[in-house]
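Peer 1: Generate a structure from the sequence data that follows.
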Amino acid sequence: MKEIPKWLKEIVAKNKAAYYTDAAKKTQNELNLKLLPTVCQEARCPNRGECFCHGEATIMILGSLCTRACKYCAVSKAKPCAPEQDEPRRAAQLVKLQRIKYLVLTMPTRDDLPDGGAQHIYRVVKEVKAQNPLCLVEPLISDLGGKFEYLPEIIASGCEVLAHNIETVPSLFKAVRPGACYGRSLDLLKKAKEIKSSLITKSGLMVGLGESDSELREVFKDLRNCGVDLLTLGQYLAPSAQHYPVASYPEPAWYQDMADYCKSIGFKGVMAGPLVRSSYRAALLYSQAVGKTVYHNYF
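Peer 2: Numbers count the residues shown, from 1 in each chain. Predicted structure coming up:
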């Protein structure tokens, strides 16, 4: 595995130190009430310190066990339990407790469920909005196993953004994302726009897996051809030596060049940087799409 460069180690260390501040501990204490797991903790996100300092966390619904075995992900792989019927209430309660104004809901892939978890996502979003009318919601969903007949139900929940990550370039899908399909992910994003043209759609990629810049640009074009509005781009960091190895660490200036390119082909908003993740400063990215500042927990 390629050694992490010094400049990136310093950024990671700064975020790690923030994790132990009083502000971050307050968020941790609230999360320790065990209302719901967060992807911040389950996936060992390097931004936990920064986000927790601002009371930000990304709720993980439909459990913390995934039915797929992606080679880059730290989320546990095992046979999951049935969706918990009181999870919508607990999600809404956690939003209220943390005073979240912009919520990203993520989920493990649930190929075991007939609808891929669509009905449950609908119930969670509806309950969050019922108890927190001012909260904007962005579900970050799986590809639903290709069961797109259930996609309208998620969109009918009233979410402001629908996110689905393409994650990597087509040539790496088989090695990095067994069980996933590049074309299927594009189809989901395209169909979401066909169902509701005004819906803001979002996707994200990891870099440093062995992809080329030309491959990335082709993916960006494919996403735009599907009407995707928002994009995140961040460095892949292997959770352990058993995960897919890191092939490269692009310099910070590279991200700005890529962001400029993405905006030039029509993306309404781009968040790019070494530690950018799907839900990182999501409200700020959404603000770029709608052309105005929306409420969020960052200050």
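Peer 1: which regions of the protein lie under the pLDDT threshold?
Peer 2: Low-confidence segments of the chain (pLDDT under 70): 1, 18-19, 23-24, 28, 30-44, 47-57, 74, 77, 295-299.
Peer 1: Helices of that one, residue ranges please.
Peer 2: Secondary structure of the chain, counting by DSSP state H: helices at 6-18, 22-31, 39-42, 48-53, 87-98, 118-131, 151-155, 173-176, 182-195, 213-225, 252-264, 282-290.
Peer 1: So which bits of stretch 239-254 are buried?
Peer 2: Residues of stretch 239-254 classed as buried under the neighbour-count rule (16 or more other C-beta atoms under 10 Å) are 243-244, 246, 249-250, 254. The way it works is simple: take the backbone N, C-alpha and C, and place the C-beta from them, glycine included.
Peer 1: Give me the contacts around it.
Peer 2: Residues from elsewhere that reach stretch 239-254 (C-beta atoms under 8 Å, 6 or more residues apart in numbering): 1-2, 4-5, 7-8, 43-44, 71-74, 175-176, 207-210, 235-238, 273-274.
Peer 1: Mind doing that once more with 7 Å?
Peer 2: 1-2, 4-5, 8, 44, 71-72, 74, 176, 207-210, 235-238, 273-274 (C-beta atoms under 7 Å, 6 or more residues apart in numbering).
Peer 1: Check the offset of that stretch from the chain's centre.
Peer 2: 18 Å (C-alpha atoms, centre = their mean, to the nearest Å).
Peer 1: Residue 128 versus residue 252, what's the distance?
Peer 2: Residue 252 is 35 Å from residue 128, where distance means C-beta to C-beta, to the nearest Å.
Peer 1: now swap in residue 287 and tell me
Peer 2: 20 Å.
Peer 1: do residue 274 as well
Peer 2: Residue 274 sits 31 Å away from residue 128 when distances are taken as C-beta to C-beta.
Peer 1: who's more crowded, the two?
Peer 2: residue 128 (28 against 22; other C-beta atoms under 10 Å).
Peer 1: I figured the more buried one was touching residue 138, is that so?
Peer 2: No: in terms of C-beta atoms under 7 Å, residue 128 does not count as a neighbour of residue 138; the distance is 11.1 Å.
Peer 1: any residues in contact with both of these two?
Peer 2: Contacts common to residue 128 and residue 138, judged by C-beta under 7 Å, 6+ apart, are residue 103.
Peer 1: so who does the nearest residue to residue 63 once chain neighbours are set aside touch?
Peer 2: Leaving out its chain neighbours, the residue that sits closest to residue 63 by C-beta to C-beta, 6 or more residues apart in numbering is residue 80, at 4.7 Å. With contact set as C-beta under 7 Å, 6+ apart, residue 80 has these partners: 63, 65, 67, 108, 110, 112.
Peer 1: With respect to residue 144, which of those is nearest?
Peer 2: residue 110 (8.7 Å; C-beta to C-beta).
Peer 1: For that closest one, give me its contacts.
Peer 2: Applying C-beta under 7 Å, 6+ apart, we find residue 110 in contact with 62, 67, 80, 116-117, 142.
Peer 1: Residue for residue, what is the longest strand this protein has?
Peer 2: Longest strand in the chain by number of residues (criterion: DSSP state E): strand 200-207.
Peer 1: who touches that strand?
Peer 2: Residues from elsewhere that reach strand 200-207 (C-beta under 7 Å, 6+ apart): 72, 160-168, 189, 192-193, 219, 223, 227-236, 250, 278, 286, 289.
Peer 1: Drop anything exposed from those residues.
Peer 2: Buried positions within these, assessed by neighbour count (16+ other C-beta under 10 Å), are 72, 160-168, 189, 192-193, 219, 223, 227-236, 250, 278, 286, 289.
Peer 1: I'd like the buried residues of stretch 239-254 as JSON lines, with distance to residue 25 appended.
Peer 2: Converted to JSON lines, these look like this (distance: C-beta to C-beta, whole Å):
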{"residue": "243", "distance to residue 25": "28"}
{"residue": "244", "distance to residue 25": "32"}
{"residue": "246", "distance to residue 25": "30"}
{"residue": "249", "distance to residue 25": "31"}
{"residue": "250", "distance to residue 25": "33"}
{"residue": "254", "distance to residue 25": "35"}
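Peer 1: Which single one of those residues is nearest to residue 198?
Peer 2: residue 254 (33.3 Å).
Peer 1: now that closest one: how far from residue 207?
Peer 2: Relative to residue 207, residue 254 is positioned 8 Å away (C-beta to C-beta).
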